[in-house]
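J.: All I have is the shape, not the residue letters:
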């Protein structure tokens, strides 16, 4: 199966939060939007954590970092119409847009994503 990892799911792994054991076996071969990578890096910085070569380590785990392209920007923007009532952020929609474009399952810690009907979502907690 093909997976796209949301920032919340990766942060659960990095911080050993609820649901992290569900995410670990899904990382090899999974994809992540560079928008969501930015969210992870910002949260790590905000908490004052030092994780040397985090991006290299994630790539070493087999996570493919997918650039936020014009196509991804368009998919993310279109998702606003169907997800605005759920209060999803730009990062949330970037993850969902990537999952949709790859016909993959989005892995997240955000329960409100289960209300997105046209994209496969797995909630980890």
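T.: All right, it came through fine. These figures come from a predicted structure and were not determined experimentally.
J.: Find me the pLDDT at the residue lying farthest from the centre of the chain, would you?
T.: Largest separation from the mean C-alpha position in the chain: residue 48, at 21.5 Å (Cα atoms, centre = their mean). Residue 48 is assigned a pLDDT of 90 by the prediction.
J.: Just say helix, strand or coil for it.
T.: Of the three states, residue 48 takes coil according to DSSP: H, G, I helix; E, B strand; the rest coil.
J.: quick one, phi psi at it?
T.: phi 70, psi 20 (degrees, to the nearest 10).
J.: Also the one 10 residues further on?
T.: The main-chain torsion angles of residue 58 are listed as degrees, to the nearest 10 and equal phi -60, psi -40.
J.: Can you pull out the low-pLDDT segments for this protein?
T.: Within the chain, no stretch has pLDDT under 70.
J.: right, and residue 40 touches residue 10 too?
T.: Yes: using Cβ atoms under 8 Å as the test, residue 40 is close enough to residue 10 to be in contact (5.3 Å). C-beta here means a position set from N, CA and C on the backbone, and glycine is covered the same way.
J.: neighbours of residue 86, just the number please.
T.: 14 (other Cβ atoms under 10 Å).
J.: In contact with it, which residues?
T.: For residue 86, the contacting residues are 112-113, 115-116, by Cβ atoms under 8 Å, 6 or more residues apart in numbering.
J.: Next: residue 68.
T.: 33-35, 94.
J.: mind putting the residues you listed in a markdown table, secondary structure and neighbour count included?
T.: Formatted as a markdown table, those follow (DSSP: H, G, I helix; E, B strand; the rest coil; neighbours: other Cβ atoms under 10 Å):
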| residue | secondary structure | neighbour count |
| --- | --- | --- |
| 33 | strand | 28 |
| 34 | helix | 17 |
| 35 | helix | 23 |
| 94 | helix | 28 |
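J.: Check those residues and tell me the two furthest apart.
T.: Greatest spacing in the contacts of residue 68, by Cβ to Cβ: 34 and 94 (8.5 Å).
J.: gap between residue 73 and residue 90?
T.: Computed as Cβ to Cβ, to the nearest Å, the residue 73 to residue 90 distance reads 10 Å.
J.: again with residue 121
T.: Residue 121 is 17 Å from residue 90, by Cβ to Cβ.
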